[in-house]
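Enquirer: Take this sequence and fold it.
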Amino acid sequence: MKKVLLVFIICLSQRSLSQLVSSFSAYEAQGNKVSELDARYKSALHTNLDLAVFKTEDEQRFFTEAYQNMLAEFGSFLAKSDFSWEQQTRGFNRIYFNENGTVDYFLFDFKNLDAKKAATFQQLLSEFLKTYNFPIKSKVKFAQCSPVVYK
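Expert: This next block holds a predicted model:
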């Protein structure tokens, strides 16, 4: 029983250690390069279908719906966590998924967001991602970026 519990704890800790939630600027300030992530993760959607993970119209539609649902679920999580935006807030994110649908990296950028609010956002996003699993699996790691508007 102790061995099973130990393996379970190790698996949970490895999952949380493998996720990184950060602003783009903080990620690069640590000596990392987004371009290196982009080289390791294939584009989920791309105008050139040879470069896309999801190529058919049905795959693209299913992916887009799942991606939008993920952002909506996170928005609901923020609201349930009593996180509120004082005003409409525009941002940009790039999410890097591994093959089984867990998020490896979630990078974000906001215009005009104070440091305290950004830190709270980052902490809540990390918490959300600990239990969130994207519903689409793939044979390769993939990434998606998008502008976002939080209200």
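
Enquirer: Run a quick neighbour tally on Met70.
Expert: Neighbours of Met70 under the rule other C-beta atoms under 10 Å: 22. To be clear about C-beta, it is placed using only N, CA and C from the backbone, and glycine gets the same treatment.

Enquirer: Now for it: which residues touch it?
Expert: If you count contacts by C-beta atoms under 8 Å, 6 or more residues apart in numbering, Met70 has them with Tyr132, Phe134.

Enquirer: so for the helix or strand hosting it, what's the average pLDDT?
Expert: Element membership of Met70, judged by DSSP states H and E, is helix 57-80. Helix 57-80 comes out with an average pLDDT of 97.

Enquirer: Please pull up the helix or strand immediately following that helix.
Expert: Counting by DSSP H and E, what follows helix 57-80 is strand 89-97.

Enquirer: related to what we said a few turns ago, show me which positions of the helix holding Met70 end up buried.
Expert: Burial within helix 57-80, assessed by neighbour count using 16 or more other C-beta atoms under 10 Å, is assigned to Glu59, Gln60, Phe63, Tyr67, Met70, Phe74, Phe77, Leu78.
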